[in-house]
Every structure is written in C-alpha cells, then in structure tokens.
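Asks: Sequence and computational prediction follow.
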Amino acid sequence: MSEDESALTLRRLRADYPQMTITTGFCGRTRVWMARGENGQHPWLVLSSDLGRFRAALGQQPTS
C-alpha cells in the first residue's frame with residue numbers, strides 16, 4: 001500500500017469511527033493500524049498489521 005493510499009484509508013477510518021483515535025505506523029518494516037477507544041464503549045486498543053482484520057475488529061459491537 002502506498003503512502004497516499006494509507007493516508008486516504010486513514011482519513012476514511014477516522015470518518016467512519018469518530019469515537020476512536022486511529023493512527024498508523026510501522027513496526028519494523030510492517031505497517032500497523034492502531035485504534036484507541038475514547039468513550040469506554042469500544043475496545044481500549046486494537047492493533048493489527050492486517051487492514052481487513054483491523055476493520056472487522058472495529059466493526060465488532062461490545063458484549064455486555
């Protein structure tokens with residue numbers, strides 16, 4: 001994924017999940033996606049190098 005594609009994906013994720021702080025970075029040579037919940041209703045931290053799994057995790061509803 002190019003830097004432009006990553007930046008676009010990051011903007012879309014932030015728009016789709018405004019209740020989360022979403023960032024991206026590198027762990028060695030591997031891009032990782034990170035999300036932190038801000039309101040206590042979502043996972044405090046989600047981290048993945050797989051964008052599809054990352055999106056799926058963000059879409060999960062918390063269980064009571």
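Replies: Noted; the coordinates are in hand.
Asks: Around M20, count how many other residues there are.
Replies: Burial measure for M20: 19 neighbouring residues, criterion other C-beta atoms under 10 Å. Any C-beta I mention is one placed from the backbone N, CA and C, and that applies to glycine too.
Asks: dump the residue contacts of the nearest residue to it once chain neighbours are set aside.
Replies: By the measure of C-beta to C-beta, 6 or more residues apart in numbering, the closest residue to M20 outside its immediate chain neighbours is A35, 4.5 Å from it. The contact partners of A35, taken as C-beta atoms under 8 Å, 6 or more residues apart in numbering, are 13, 17, 20-23, 42-43, 45-47, 54, 57-58.
Asks: Now tabulate the residues you listed in JSON lines and tack on distance to D4 and secondary structure.
Replies: Listed next are these as JSON lines, based on distance: C-beta to C-beta, whole Å; DSSP: H, G, I helix; E, B strand; the rest coil:
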{"residue": "L13", "distance to D4": "15", "secondary structure": "helix"}
{"residue": "Y17", "distance to D4": "21", "secondary structure": "coil"}
{"residue": "M20", "distance to D4": "22", "secondary structure": "strand"}
{"residue": "T21", "distance to D4": "22", "secondary structure": "strand"}
{"residue": "I22", "distance to D4": "17", "secondary structure": "strand"}
{"residue": "T23", "distance to D4": "17", "secondary structure": "strand"}
{"residue": "H42", "distance to D4": "28", "secondary structure": "coil"}
{"residue": "P43", "distance to D4": "28", "secondary structure": "coil"}
{"residue": "L45", "distance to D4": "27", "secondary structure": "strand"}
{"residue": "V46", "distance to D4": "24", "secondary structure": "strand"}
{"residue": "L47", "distance to D4": "23", "secondary structure": "strand"}
{"residue": "F54", "distance to D4": "19", "secondary structure": "helix"}
{"residue": "A57", "distance to D4": "24", "secondary structure": "helix"}
{"residue": "L58", "distance to D4": "22", "secondary structure": "helix"}
